[in-house]
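[1] Quick one: sequence plus predicted model below, questions after.
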Amino acid sequence: MHEPVMVAEVLEHLAPARGGIFVDCTVGAGGHARAILEAGATRLIGLDRDSDALKHAASALEPFAPRVELVHADYRRLGEVLDARGVASVDGLLADLGVSSMQLDAPGRGFSFRRDEPLDMRMDRTSGPSAAEAIREADERTLADVIYEFGEERYARRIARAIADARGGIQTTGELAELVRRAVPRRGPARIDPATRTFQAIRIWVNRELEGLDAFLAEAARRLAPGGRMVVITFHSLEDRIVKHTLRALSAAADPGVTIRTKRPVVPREAEIAQNPRARSAKLRAAERHA
Ligand SMILES: C[S@@+](CC[C@H](N)C(=O)[O-])C[C@H]1O[C@@H](n2cnc3c(N)ncnc32)[C@H](O)[C@@H]1O
């Protein structure tokens, strides 16, 4: 099961004990949502683009069902989702970005090189091409740029060349992992699998994880009621950079008028990292709408 990160820190910045309407834009397994409801939120709207995640969230949030609505939607459609429910403004908003451990670990999703299965990697399996299809359609240059930029992989060009040379294309996670391991020079005992960075890059690309993040944050800020709070957790430096710059730009603008609550990003305590290694790269930033 997915372990929510920095729950105490999320509650401190979101302050759901105030009551009111809260939106969890990435409800996942519902860990944060549950804590927000337990702390006193009056109503919670939970979004996720992954319908499997929504099933887990529904069961985790069952005790709070009358106060919860779960919606299969991309958070980039936040405005539309709130308008459709007649909700003009909300008291708090959480976005815990990226993939969940459930997505990474569940068989058949094609996110992990730990098992050999069709290379899918889509968070929302109802839309867009799978990773195998996207790779098949892309030219070598695009693949090299994706692997270099989103994976910070120094051997991106070699890997892209090997992918382009693969006869019959790449169908499975195992094929891609093996190809990357062969393309990357071996230097001493590897601490992490050489395929890790390429898998991360292809996942970010296929799910367009960085696209529209700035516009989403601006819409989130606009939707906050006076005194409302937003909290964003990232797991990747490129993502955190977008969040940092967008919150800064929003706080410098007169409208909607927000104050950044976290001068530096909040990171998990050592004890949490020891217990949940996935928390290691988490960074939390928060802002508040002027009263
Ligand atoms: C890190 S997990 C969230 C875990 C959740 N906070 C919990 O406590 O279980 C991220 C979730 O965001 C979802 N997600 C990622 N990008 C999304 C997007 N653009 N729109 C909606 N959901 C998205 C993923 O499907 C995944 O379930």
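    Perfect, thanks for sending it.

[2] Please count neighbours and contacts with C-alpha atoms only from this point.
    Noted.

[3] Where does the closest residue to the ligand within the stretch 151-291 of the chain fall, secondary structure wise?
    Closest residue of the stretch 151-291 of the chain to the ligand, C-alpha to the nearest ligand atom: residue 209 (6.4 Å). Counting by DSSP states H and E, no helix or strand carries residue 209.

[4] what about residue 116, how many neighbours?
    Here the number of neighbours of residue 116 (other C-alpha atoms under 10 Å) works out to 17.

[5] sorry, back to before: now the closest residue in space to the residue of the stretch 151-291 of the chain closest to the ligand that isn't next to it in sequence: how far from residue 213?
    Spatial nearest neighbour of residue 209, chain neighbours left out: residue 98 (7.3 Å); criterion: C-alpha to C-alpha, 6 or more residues apart in numbering. Distance from residue 98 to residue 213, counting by C-alpha to C-alpha, to the nearest Å: 12 Å.

[6] What of residue 151?
    The gap separating residue 151 from residue 213 is 18 Å, by C-alpha to C-alpha.

[7] residue ranges of the strands in this structure, please?
    21-24, 43-48, 68-72, 90-96, 224-234, 258-260, 283-289 (DSSP state E).

[8] In JSON lines: those, plus mean pLDDT.
    JSON lines is the format used below for the strands of the chain (pLDDT from 0 to 100):
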{"stretch": "strand 21-24", "mean pLDDT": "98"}
{"stretch": "strand 43-48", "mean pLDDT": "98"}
{"stretch": "strand 68-72", "mean pLDDT": "98"}
{"stretch": "strand 90-96", "mean pLDDT": "98"}
{"stretch": "strand 224-234", "mean pLDDT": "98"}
{"stretch": "strand 258-260", "mean pLDDT": "97"}
{"stretch": "strand 283-289", "mean pLDDT": "98"}
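
[9] Tell me which of these sits nearest to residue 273.
    strand 283-289 (12.3 Å; C-alpha to C-alpha).

[10] hmm, who's touching the closest one?
    Strand 283-289 is contacted from outside by 13, 221, 224-235, 240, 243-244, 247, 256-262, 264-268, using C-alpha atoms under 8 Å, 6 or more residues apart in numbering.

[11] Stretch 20-29 now?
    For stretch 20-29, contacts defined as C-alpha under 8 Å, 6+ apart pick out 1-2, 16, 33, 41-50, 53-54, 56-57, 60, 75, 78, 90-97, 100.

[12] let's go with 6 Å and repeat that
    Residues from elsewhere that reach stretch 20-29 (C-alpha atoms under 6 Å, 6 or more residues apart in numbering): 41-48, 53, 56-57, 75, 90-96.
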